[in-house]
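*Asks:* Please find the sequence and the predicted model below.
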Amino acid sequence: MNKEINLKTLLVKKPLKLDCGKTINNFPIAYETYGTLNEKKDNAILVFHALTGDQFVAGLNPVTNKDGWWSYAVGPNKSIDTNKYFVICSNVIGGCLGSFGPSHKDPDTQKVFGTNFPVITINDMVNAQYNLIDHFGIDKLFSIVGGSMGGMQVLQFISNFPDKAKTVIPIACTSSHSAQNIAFNELGRQAIAADSNWNDGNYNTKNTIPNKGLAVARMAAHITYLSKKGLQEKFGRKLQEREDLKFGFDADFQIESYLRYQGSVFVDRFDANSYLYITRAMDYFDLAKQFNGNLSDAFKDTNAKFFVISFTSDWLYPTQENKDIVIALNAIGADVGFVEIESDKGHDSFLLDVPEFLNALKNFLDKSYATV
Amino acid sequence: MKNEFKVIADLVEKNTRVLDVGCADGVLMEFLRDNKNIDIRGLEISKNKVQKCIEKGLTVIEGNAEFDLKQFPDKSFDYVVLSQTLQAFLNPELVINELLRVGKKAIVTIPNFGYWKVRLHLLLKGTMPVTETLPDQWYNTPNLHMCTIKDFVYFVRSRNFKIFKSLALNEKNTSLINNKNLEIKNLFSDLGIFLIEK
């Protein structure tokens, strides 16, 4: 992580009571904006990032020196057209790119929080981010958009602030983390905890980082973002820069080498404790439970126009879980559209160049902007 | 817009809520939204056609009427429209029941298998009829349960559904169907359009 980069930050003075019972105040939210807020302030779109995302949606990410995580969808003339819309995205609390998180110092003790950071939830994340729309003086967002954990935040946001968005686009997500979702997250957390460098989360004091554990967590998670077919087509049993098997445990196969690479680049940009906190927030997410088991009640106070999108090969947040959101909305006569996009790119489809998806997103936004 | 849609649009009162089941590329939906101030939703099975609807700014849910109508609450629409699709379902009776549960009224149109051209085709050629309304061959048609106007009227009566209006379409002509002219309409109409209620 590169700490020298100057990140845009909003210091939230207003106390925020977290679901865990603790209250935080004077905490930073790091954010980025794209495009221009118009005079009527009716062209703002709040984008929520996924587990390992950050505020750098588009353009060049100054930390990684790579394209922003949603460069296919956000930018001039793209689906979320920054010539037309004002895009805001912030790093979630618990994250590691400037927003209040476990790598920050506890103001009381002046020690890095580590696992003393309060456990946060998706609800806490969106409540924290709400301060941004106040900051910009926006009365009503034109849209809230996000995929995966970003989609969960979209659902929680409109439930918490039913009249603060005109359109709502949850993508490749769920209203409740499944046992399988939790299982994969637990695998990642245990990989981190099994790294002796993790040191119960106090690695900052020893200056040793649990890179190996975090890399394994990322490798395991990365598999869940792809489809079997996609992996088979891209890698099959192809060998990595060798003519034949070496009868050892080096990366003989391209897929092994690819996963190792994904793990190694991830540890350069992500904090292990943040990984624990954010996966925990996802696991705790159960929107229906917040409304005594009736998901429809989460949306009963909003007139927003919803557009739910899923992908055929996404087995992490499969179509049926996205459809459950649609069903809950239809049960209360909400304005909801739904499309399942054909793609063999797995859960990651929403981040990639999938034209049918990008077109649907653009058409929905542009047509809605003209009418709502 | 095809004549059938004009007739359907005339049956729908202004400022109401309508669900178009099997809405295809949304031609009828667009007309109802723009001309009758209808709060319109569509249900469509084809991904391609769903995309077409999104391009038009229409609210469409990708889904299959046989499984996905059940998510809509009772009487949550003033009208539910089903245009020339009933015969393609595995269980048309179940779909009709769902239409009448979800909608206060249903508008159902059926390609008439009793149309003289259809009858003549089978009589003279001895092969399964292929007409403008029924353009597919027996081996690739999506139609599983063809019926005639008479069949549909008998079915609706047998279930004690109310028929508010029965219309027969033949090319550009629209006419009312009643008890007296049922045989004639069943012979000379290409399409039947029914406004019904449970």
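*Replies:* Happy to help now that I have it. Numbers count the residues shown, from 1 in each chain, chains lettered A, B, ... in the order given.

*Asks:* Get me the contact residues on chain B for chain A.
*Replies:* B:17, B:41, B:47, B:50-51, B:54-63, B:71-73, B:76 (C-beta under 8 Å from any C-beta of the partner chain). Quick note: C-beta positions are derived from backbone N, CA and C, even for glycine.

*Asks:* got the residue ranges for the helices in chain B?
*Replies:* B:3-11, B:27-36, B:47-55, B:65-68, B:92-102, B:116-120, B:149-158, B:182-188 (DSSP state H).

*Asks:* Mind checking which of the residues of chain B next to chain A are in strands?
*Replies:* Counting by DSSP state E, the residues of chain B next to chain A place B:17, B:41, B:59, B:60, B:61, B:62 in strands.

*Asks:* buried residues in stretch A:204-215?
*Replies:* Using 16 or more other C-beta atoms under 10 Å in any protein chain shown as the test for burial, stretch A:204-215 gives A:204, A:209, A:210, A:211, A:212, A:213, A:214, A:215.

*Asks:* ah, wrong one, I meant stretch B:22-40
*Replies:* Result for stretch B:22-40 [16+ other C-beta under 10 Å]: buried residues B:22-33, B:36, B:38-40.

*Asks:* Which of the helices and strands in chain A ranks last by mean pLDDT?
*Replies:* helix A:203-206 (a mean of 84; mean pLDDT, DSSP states H and E).

*Asks:* quick one: contacts of that helix?
*Replies:* Outside helix A:203-206, the residues that touch it by C-beta atoms under 8 Å, 6 or more residues apart in numbering or on different chains are A:103, A:111, A:112, A:114, A:197, A:199, A:209, A:210, A:272.

*Asks:* Name the residue of chain B with the shortest distance to chain A.
*Replies:* Distances between chain B and chain A by C-beta to the nearest C-beta are smallest at residue B:57, namely 3.0 Å.

*Asks:* Tell me the spatial nearest neighbour of residue B:132, not counting adjacent residues.
*Replies:* With sequence-adjacent residues excluded and distances taken as C-beta to C-beta, 6 or more residues apart in numbering or on different chains, residue B:132 is closest to residue B:190, at 7.7 Å.

*Asks:* What is the burial count for the one you found?
*Replies:* Neighbour count for residue B:190, taken as other C-beta atoms under 10 Å in any protein chain shown: 22.

*Asks:* Pretty sure it sits against residue B:133.
*Replies:* Yes. Residue B:190 is within contact range of residue B:133, at 5.4 Å (criterion: C-beta atoms under 8 Å).

*Asks:* Residues that sit against both of the two, list them.
*Replies:* Shared contacts of residue B:190 and residue B:133, defined by C-beta under 8 Å, 6+ apart, are found at B:111, B:112, B:115.

*Asks:* the helices in chain A, which residues?
*Replies:* With DSSP H as the criterion, chain A has helices spanning A:122-135, A:149-160, A:179-193, A:203-206, A:211-225, A:228-234, A:254-269, A:272-284, A:287-290, A:319-330, A:355-371.

*Asks:* Tell me which of the ones you listed is the most buried.
*Replies:* Greatest average neighbour count among those goes to helix A:149-160 (a mean of 26), per mean count of other C-beta atoms under 10 Å in any protein chain shown.

*Asks:* For the stretch 1-150 of chain A, which residues score under the pLDDT cut-off?
*Replies:* Within the stretch 1-150 of chain A, the ranges that satisfy pLDDT under 70 run A:1-4.

*Asks:* Can you show me the strands along it?
*Replies:* Taking DSSP state E, counting those that start in this stretch to define them, one finds strands in the stretch 1-150 of chain A at A:9-12, A:16-17, A:23-24, A:27-34, A:44-48, A:60-61, A:66-67, A:74-75, A:80-81, A:86-90, A:141-147.

*Asks:* Residue B:89 is in contact with residue B:142, correct?
*Replies:* No. With contact defined as C-beta under 8 Å, residue B:142 and residue B:89 do not form a contacting pair (9.7 Å).
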